[in-house]
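Engineer: below is the structure, and that's it, no one-letter string:
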């Protein structure tokens with residue numbers, strides 16, 4: 001069992017939760033976690049780099065001069081990559097770097113990422129995160145009260161417009177519902193801040209599965 005404290009907005013501990021490792025798979029599956037992170041970064045690659053080959057540039061295909069007898073080096077048409085304005089040798093073409101994983105593997109990788117954060121003490125649970133109006137200063141104050149001074153992923157139960165607008169200008173902070181959590185986003189940041197309701201819904205969801 002993992003004991004984890006629940007804090008309020010002022011950074012004071014209000015209660016404690018016990019988390020069974022079995023809820024998140026029992027152990028960290030490092031190989032599966034690496035595969036998910038590789039997929040996460042691969043899917044972010046655009047892959048639109050492209051250059052023109054000799055078949056794509058404009059110009060005549062006529063041989064510039066005969067092969068022998070001129071004293072010049074042997075040369076083909078004006079499109080060759082050896083000449084200015086010619087095509088590129090081994091030209092780059094657009095390609096898709098995307099990777100896929102089965103749904104069950106993605107789910108297990110996400111569980112392993114959360115469990116790894118829990119075991120390393122990088123998960124902070126707050127009783128609630130609510131704002132009457134967007135206030136970046138108030139959100140930054142909460143992070144300071146919780147001793148979060150590094151990159152952080154904020155997980156909430158449902159999308160909250162005021163909370164999103166309060167956090168979007170804070171450097172190295174991302175916010176998303178627990179339904180959208182994935183191993184790449186979790187491992188890409190040092191800390192994970194999650195509301196108590198969101199954490200309980202996440203645990204109940206894992207128990208049901």
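Structural biologist: Ah, there it is. Quantities reported herein were computed from a predicted structural model and do not represent experimental measurements.

Engineer: rest of the way, CA atoms for contacts and neighbours
Structural biologist: OK.

Engineer: could I get the average pLDDT for the longest helix belonging to the chain?
Structural biologist: As assigned by DSSP state H, the longest helix anywhere in the chain is helix 103-119. Helix 103-119 shows a mean pLDDT of 91.

Engineer: tell me what that helix is packed against?
Structural biologist: Applying 3 or more C-alpha pairs under 8 Å, 6 or more residues apart in numbering; DSSP states H and E, one finds that helix 103-119 contacts helix 30-42, helix 183-187.

Engineer: quick one: low-confidence parts of this structure?
Structural biologist: Residue ranges of the chain with pLDDT under 70: 206-209.

Engineer: how does it look with 80?
Structural biologist: Confidence mapping of the chain against pLDDT under 80 gives the ranges 205-209.

Engineer: surely residue 127 and residue 5 touch.
Structural biologist: No. In terms of C-alpha atoms under 8 Å, residue 127 does not count as a neighbour of residue 5; the distance is 10.1 Å.

Engineer: can you give me the helices for the chain?
Structural biologist: Along the chain, counting by DSSP H, helices occupy 30-42, 103-119, 136-145, 161-167, 183-187, 196-208.

Engineer: turn those into JSON lines, including mean neighbour count and distance to residue 78.
Structural biologist: Below are the helices of the chain laid out as JSON lines (neighbours: other C-alpha atoms under 10 Å; distance: least, C-alpha to C-alpha, whole Å):
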{"stretch": "helix 30-42", "mean neighbour count": "17", "distance to residue 78": "38"}
{"stretch": "helix 103-119", "mean neighbour count": "20", "distance to residue 78": "52"}
{"stretch": "helix 136-145", "mean neighbour count": "16", "distance to residue 78": "60"}
{"stretch": "helix 161-167", "mean neighbour count": "17", "distance to residue 78": "57"}
{"stretch": "helix 183-187", "mean neighbour count": "21", "distance to residue 78": "48"}
{"stretch": "helix 196-208", "mean neighbour count": "15", "distance to residue 78": "64"}
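
Engineer: between these, which one is closest to residue 79.
Structural biologist: Nearest to residue 79 among the helices of the chain is helix 30-42 (34.4 Å), distances taken as C-alpha to C-alpha.

Engineer: now distance to residue 84 too, for the helices of the chain, in CSV please.
Structural biologist: Listed next are those as CSV, based on distance: least, C-alpha to C-alpha, whole Å:
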stretch, distance to residue 84
helix 30-42, 35
helix 103-119, 49
helix 136-145, 54
helix 161-167, 51
helix 183-187, 44
helix 196-208, 61
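
Engineer: for residue 73, which of those helices is the nearest?
Structural biologist: Evaluated with C-alpha to C-alpha, those place helix 30-42 nearest to residue 73, the distance being 44.6 Å.

Engineer: roughly how far out does the closest one sit from the chain middle?
Structural biologist: Distance of helix 30-42 from the chain centroid (C-alpha atoms, centre = their mean, to the nearest Å) equals 10 Å.

Engineer: picking up where we left off before, which residues touch the longest helix of the chain?
Structural biologist: By C-alpha atoms under 8 Å, 6 or more residues apart in numbering, the residues outside helix 103-119 that reach it are 2, 21, 24-25, 27-30, 32-33, 36, 123, 181-183, 186-187, 191-192.
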